[in-house]
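Undergrad: below are the sequence and a predicted model for it; my questions follow.
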Amino acid sequence: MRDASWLKLLDLVQHKLGASDARIEIGGKEPSDERCAWVPIDDTRRVVVVFEETPTQPDAVRDKLMMLVEGFRDTLSIASDAPPPRNANALHRELDLALAQLGERTGAESVWIIDVQSPVIWGSSEARSDDLDVDTLLLTTRADAMLAPYKLTWPELLAMPENAANERLREAGLTGMPLRAIHDELELLRELSEAGGLAAAAARLRSARAVAEIRSRAARDHSLTRCELRGPEIQCFAHSLAAQYQLLLVFDETYSPLHAEGNVQRALPHIEKLLLSLPPVDPISGGARGAKVIRLPRK
């Protein structure tokens, strides 16, 4: 069994149960410490979690641990037959290609894989970019929310020359931090529109809104498995992946949830296998998608 798969399971149970440590034991005596909870994986191995204090409801903790391990069992089975480690860049490309193919089958304009604990974008149907992560998308939604109360739209501002757009923002009454946040976001969207037209900027806004909303919901509801968003600002279908990630399909128009879910269910085993084959990453250094962007103040 691949070490990465074991580590992902341990990270998951430790996070979900609020334990101080988690480990996998092979053979030996069963844990007797009352601060421990454990369940068997097979005849010789068991998952053990350790708490700072004895759980007040040990049976409930063990039941939840069993549920988490059972939910991960198919993934562990897939990983046990996996081939030797492959080049990380090749794995990322194959995963992104699988997401692009899922987008084509469902009519989604973009497909993403994120989690709620890090800024890493684990996979995306969009072209790779070193300056894109979840935090960058959240900055987009923050600027989007700041612009909403004013009688201005992103397409309107992008259609103007830069100086005219800046003047229009000031005329609307924007000052200080909101003005700077919207100005910085406008520059990034302008770069996108210069490369791919206004449609590219609009697609980025839709993706940012969907990522922010699904990430927020998944953070509030750790058992979130499936989510449909069908409103004027967000058209998105999301499904949990390997118990700790979210697979997002973002649409530019009304979509069929049944059609989306059917295609997602068929694609999940292959996408999950690729995702769990990726090596661990350091979110601070940019994670799976490259170096993290830091927006510096303008002089």
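TA: Okay, I see it.
Undergrad: so what's the spatially most central residue of the chain bridging to?
TA: Most central residue of the chain, judged by C-alpha distance to the mean C-alpha position with Cα atoms, centre = their mean, is Ile114 at 0.9 Å. Judged by DSSP bridges, the bridge partners of Ile114 are Gln246.
Undergrad: three-state assignment of Leu132?
TA: Classification of Leu132 by DSSP: H, G, I helix; E, B strand; the rest coil places it in coil.
Undergrad: so it sits against Pro119, correct?
TA: No. Assessed by Cβ atoms under 8 Å, Leu132 is found out of contact with Pro119, at 10.0 Å. In this view, the C-beta of every residue, glycine as well, is placed from N, C-alpha and C.
Undergrad: doesn't Ser223 fall inside a strand?
TA: No. Assessed with three-state DSSP, Ser223 is coil; it does not lie in a strand.
Undergrad: give me the neighbour count for it.
TA: 9 (other Cβ atoms under 10 Å).
Undergrad: show the pLDDT at it.
TA: For Ser223, the model assigns a pLDDT of 84.
Undergrad: then Ala127?
TA: 82.
Undergrad: cool, Pro232 as well?
TA: Pro232 carries a pLDDT value of 88.
Undergrad: looks to me like it is in a strand.
TA: No. If the criterion is three-state DSSP, then Pro232 is coil and not within a strand.
Undergrad: for it, give its distance to Val39.
TA: Using Cβ to Cβ, to the nearest Å, Pro232 is found at 46 Å from Val39.
Undergrad: which one of those two is surrounded by more residues?
TA: Val39 (18 against 5).
Undergrad: surely that one touches Lys64?
TA: No. With contact defined as Cβ under 8 Å, Val39 does not count as touching Lys64 (9.9 Å).
Undergrad: from the contact counts, what lies against the helix or strand that Asn263 is a member of?
TA: Using DSSP states H and E, Asn263 maps to helix 257-277. The contact analysis (3 or more Cβ pairs under 8 Å, 6 or more residues apart in numbering; DSSP states H and E) places helix 257-277 against helix 3-17, helix 58-80, helix 88-106, strand 123-124, strand 226-230, strand 235-241, strand 245-250.
Undergrad: worst average pLDDT in those?
TA: Across the helices and strands packed on helix 257-277, helix 58-80 gives the lowest mean pLDDT, at a mean of 74.
Undergrad: excluding chain neighbours, give the residue nearest to Thr153 in space.
TA: Excluding its sequence neighbours, the residue lying closest to Thr153 (Cβ to Cβ, 6 or more residues apart in numbering) is Leu147, at 7.9 Å.
Undergrad: does that neighbour touch Ile182 like I think?
TA: Yes. Contact criterion Cβ under 8 Å: Leu147 and Ile182 qualify, at 5.4 Å.
Undergrad: the two: who's more crowded?
TA: A count of neighbours by other Cβ under 10 Å puts Ile182 above the other of Leu147 and Ile182, at 24 against 20.
Undergrad: now do the contacts for that one.
TA: For Ile182, the contacting residues are 143, 146-147, 169, 174, by Cβ atoms under 8 Å, 6 or more residues apart in numbering.
Undergrad: how close does Ala212 sit to Ile234?
TA: For Ala212 relative to Ile234 (Cβ to Cβ), the value is 9 Å.
Undergrad: next: Arg142.
TA: In terms of Cβ to Cβ, Arg142 sits 16 Å off from Ile234.
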